[in-house]
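Enquirer: Predicted model, plus sequence, below.
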Amino acid sequence: MIEVLKPGIYCSVQDAGRLGFRNQGVPLSGAMDGRSATYANLLAGNPLDSALIEFASPGPVFRFHKNCHIAVCGADFEVQVNGINHSMNTQISISKTDEVFIGRAATGVWGYLAVSGGIASETVLGSRSFYSGITSEPRLIGGSKVSIGKAAENREPDLLPEPHDRLLKSPIKAYPGPEFSKLTSEVQHALFTTQFTISAQSNRMAYILEYSNRLKAEEILTAPVRPGTVQLTPSGKMVVLMRDAQTTGGYARVLQLSERSIDSLAQKAASTEIIFSRIDY
């Protein structure tokens, strides 16, 4: 069992997402940075879709009530076990009663703590991902306790990918969206030349982009949207839907991010400047 001594910011249980229920209006949810979550599970010796703990900066403090192995991946967080510094992106041995402190992130936004055996919280609609109104709690709070699943025989993974890069000035690759062709040529061009700034109002549902140019698009009949859909409103508001996004929307879907691009955008903090780079289907 893991006891939450301090929850930090946006601390929750996430996995690969709640698939197969979008026709009932249920968001996908899942880890904001799926690549980092996968890497953490690999290091912990878990199946790739195992549930783990997601958090933002400043991070949480945990007390472990079971011997296990953990891995902390994602943004560049300070990690300590009983006051001793440990590296991220490595497997760490934990003994019963150990306390794990995760501090502030030097770069990036979201961090992931995977534990051998995975987090064994409640499963609702095929997923353990927390979401308000679906799971019994939307976030982990001080005093929360989560169970740990049964771990497979521990061994180092045979092959690991490179850790997720956090090149904050790299372009965000995006496909033209369903309504892209309906935009004027000037707006189409501006989408890939304008410098956008991530708003502090961004969250797991959507990242809001601020910019100086005046771009706009006509409303559409309500249509399907998904994580990575970039919407442009008639008033010029630019919204990138993220993992907790709704399933339908009435604003023009001007761009669509790839899974890797969603991961990259998720790790960019408020006030970070980004630019979109076009890729085609």
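Expert: Structure's in. What do you need? Numbers count the residues shown, from 1 in each chain.

Enquirer: what's the domain layout of this protein?
Expert: 2-146, 172-278 (automatic domain parsing).

Enquirer: Dump these to TSV, plus mean pLDDT.
Expert: Converted to TSV, the domains of the chain look like this (pLDDT from 0 to 100):
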stretch	mean pLDDT
domain 2-146	96
domain 172-278	95
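
Enquirer: how about the ones you listed in TSV, adding distance to Ala152 and mean neighbour count?
Expert: C-beta: built from backbone N, CA, C; applies to glycine. Shown next, in TSV, are these (distance: least, CB to CB, whole Å; neighbours: other CB atoms under 10 Å):
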stretch	distance to Ala152	mean neighbour count
domain 2-146	6	20
domain 172-278	26	18
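
Enquirer: The stretch 101-250 of the chain: strands as residue ranges?
Expert: Taking DSSP state E, counting those that start in this stretch, the strands of the stretch 101-250 of the chain run over residues 111-115, 145-146, 172-176, 196-198, 206-210, 223-224, 229-232, 238-241, 248-249.

Enquirer: Which residues does the fourth one contact?
Expert: Pointing back at strand 196-198 there. The contact list for strand 196-198 (CB atoms under 8 Å, 6 or more residues apart in numbering) reads 207-211, 238, 268-276.

Enquirer: does Leu42 count as helix, strand or coil?
Expert: helix (DSSP: H, G, I helix; E, B strand; the rest coil).

Enquirer: Verify the contact between it and Leu48 for me.
Expert: Yes: contact criterion CB atoms under 8 Å: Leu42 and Leu48 qualify, at 7.0 Å.

Enquirer: for the contacts of strand 196-198, which one is nearest Ser95?
Expert: For those, the closest approach to Ser95 (CB to CB) belongs to Ala269, at 33.9 Å.

Enquirer: What separation do you get for Lys96 and Pro227?
Expert: Going from Lys96 to Pro227 by CB to CB, to the nearest Å gives 38 Å.

Enquirer: before we move on, what about Ala37?
Expert: Counting by CB to CB, the gap between Ala37 and Pro227 amounts to 14 Å.

Enquirer: again, but for Gly34
Expert: 10 Å.

Enquirer: How about Gly177?
Expert: 13 Å.

Enquirer: Next: Glu219.
Expert: For Glu219, the distance to Pro227 - CB to CB - is 21 Å.

Enquirer: try Asp49
Expert: Counting by CB to CB, the gap from Asp49 to Pro227 is 16 Å.

Enquirer: Equivalent analysis for Leu183, please.
Expert: Leu183 is 22 Å from Pro227, by CB to CB.

Enquirer: pretty sure Ser147 contacts Ala51?
Expert: No: with contact defined as CB under 8 Å, Ser147 does not reach Ala51; the gap is 10.3 Å.

Enquirer: what touches both of those two?
Expert: 119-121.

Enquirer: beta partners of Ile94?
Expert: Cys68 (DSSP bridges).
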